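Visitor: what's the 3D shape of this:
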Amino acid sequence: MKGCKYGTHRVIGENSLPQPAKKINNDMNIYDNEILIDVHALNIDSASFNQIEEECDHDIEKIKSRILEIVEEKGKMQNPITGSGGMLIGTIEKIGPDLVDKIDLKVGDKIATLVSLSLTPLKIEEIIDIKADIDRVEIKGKAILFESGIYAKLPTDMEENLALAALDVAGAPAQTQKLVKEGDSVLILGAAGKSGMLCCYEARKKAGESGRVIALVIDDEQATFLKENNLVDSVIAVDAKNPTEVLKKVLEVNDGKEVDLAINCVNVQNTEMSTILPVRNGGVVYFFSMATVFTKAALGAEGVGKDVDMIIGNGYTKGHADVTLTALRESATLRKIFKNLYI
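Guide: Purely as a prediction, here's the structure:
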């Protein structure tokens with residue numbers, strides 16, 4: 001039997017696509033145009049994991065129970081508070097007959113899915129381990145990739161966990177590469193995280209010698225880390241939930257000028273205005289953070305009279321996996337940092 005290429009045949013009790021659906025069917029008997037994956041690990045998106053961790057008082061057993069509860073209830077790993085998911089790594093177990101000759105996969109291939117867990121049918125048999133410092137959940141389980149689902153074969157020239165850590169946030173550096181122009185001044189909020197560091201690298205490469213990349217981090221320890229690794233031109237340590245203080249600090253390091261582009265990679269709420277306020281009229285604001293609230297951004301920009309283009313952080317852009325893995329290949333510094341932090 002053939003299902004809808006976008007997975008609507010899996011939605012239970014409503015006329016919806018799988019991502020916004022309250023519940024989807026996670027029966028692991030695949031349709032003719034689906035792919036069955038033997039799942040090794042989930043990378044929960046940062047905003048989601050942070051919320052679950054705080055809700056569970058940082059207790060690993062409680063976090064395990066909460067994740068199992070969500071998947072049992074929804075048929076997918078979609079945080080009911082943030083609405084976001086993450087991605088997975090696994091091995092191809094079965095390919096539906098309609099897809100066998102249409103895709104470049106075979107049984108046994110190791111892949112990272114590049115579609116959100118918030119729309120992916122998932123069944124967890126057991127949670128083996130939780131690595132809270134890198135938002136990773138190692139499991140025994142199965143998942144289904146729809147015909148429209150995108151993926152990346154794991155590269156052979158780097159460790160699986162290294163590739164997974166980068167591919168988890170592949171949309172951010174690839175979109176940054178598209179948005180930044182030579183000579184731009186760029187503010188990156190949450191610059192010491194995975195997506196933030198990759199964005200710093202791409203922004204600096206595109207902005208060139210005449211541009212300026214400014215990192216916003218939460219404390220002096222992160223600021224020192226970015227400076228020592230020469231990832232940006234300037235660093236400010238300030239609470240991203242304090243927009244007037246953020247604006248003040250940005251102006252101090254940018255010759256009194258607002259920036260051309262701001263990129264939000266934080267994993268906490270209420271940072272919309274700290275992203276918008278430092279951007280010049282006619283500039284661009286890119287919200288990669290899944291903690292972003294559209295109404296706060298739209299009405300907030302209106303309230304301070306900011307005429308800026310605001311872009312929602314689509315996790316997919318053409319070639320985003322290649323862009324991200326290329327960054328790790330090009331930059332020995334980034335590769336060393338990611339190995340130390342995520343392997």
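
Visitor: wouldn't Ala143 be in contact with Gly90 here?
Guide: Yes - with contact defined as Cβ atoms under 8 Å, Ala143 and Gly90 form a contacting pair (6.6 Å). C-beta coordinates here come from the backbone N, C-alpha and C atoms, glycine included.

Visitor: any common contacting residues for those two?
Guide: Residues touching both Ala143 and Gly90 by Cβ atoms under 8 Å, 6 or more residues apart in numbering: Ile37, Val39, Thr113.

Visitor: scan those residues and report the most crowded one.
Guide: Counting neighbours by other Cβ atoms under 10 Å, the top entry in those is Ile37, with 29 neighbours.

Visitor: could you pull up phi and psi at that one?
Guide: Dihedral pair for Ile37: phi -120, psi 130, per degrees, to the nearest 10.

Visitor: quick check, pLDDT for it.
Guide: Confidence at Ile37, expressed as pLDDT, is 98.

Visitor: pretty sure it contacts Ala143?
Guide: Yes - Ile37 lies in contact with Ala143 (Cβ under 8 Å); the separation is 4.7 Å.

Visitor: quick check: neighbours shared by those two?
Guide: Here Ile37 and Ala143 have Leu88, Gly90, Thr113 as joint contacts, going by Cβ under 8 Å, 6+ apart.

Visitor: just the ones in strands from the residues you listed, please.
Guide: Among the shared contacts of Ile37 and Ala143, the members falling in strands (DSSP state E) are Leu88, Gly90, Thr113.

Visitor: from those, pick the one nearest Ala203.
Guide: Checking those against Ala203 by Cβ to Cβ gives Thr113 as the nearest, at 26.6 Å.

Visitor: quick one: least confident helix or strand in this protein?
Guide: Every helix and strand of the chain was ranked by mean pLDDT, DSSP states H and E. The lowest is helix 160-167, at a mean of 85.

Visitor: other residues contacting the helix or strand following it?
Guide: Counting by DSSP states H and E, the next helix or strand C-terminal to helix 160-167 is helix 171-179. With contact meaning Cβ under 8 Å, 6+ apart, helix 171-179 is reached by 195, 198-199, 201-203, 205-206, 261, 263, 265, 284, 286, 288, 311, 313-317, 319-320, 323-324, 327.
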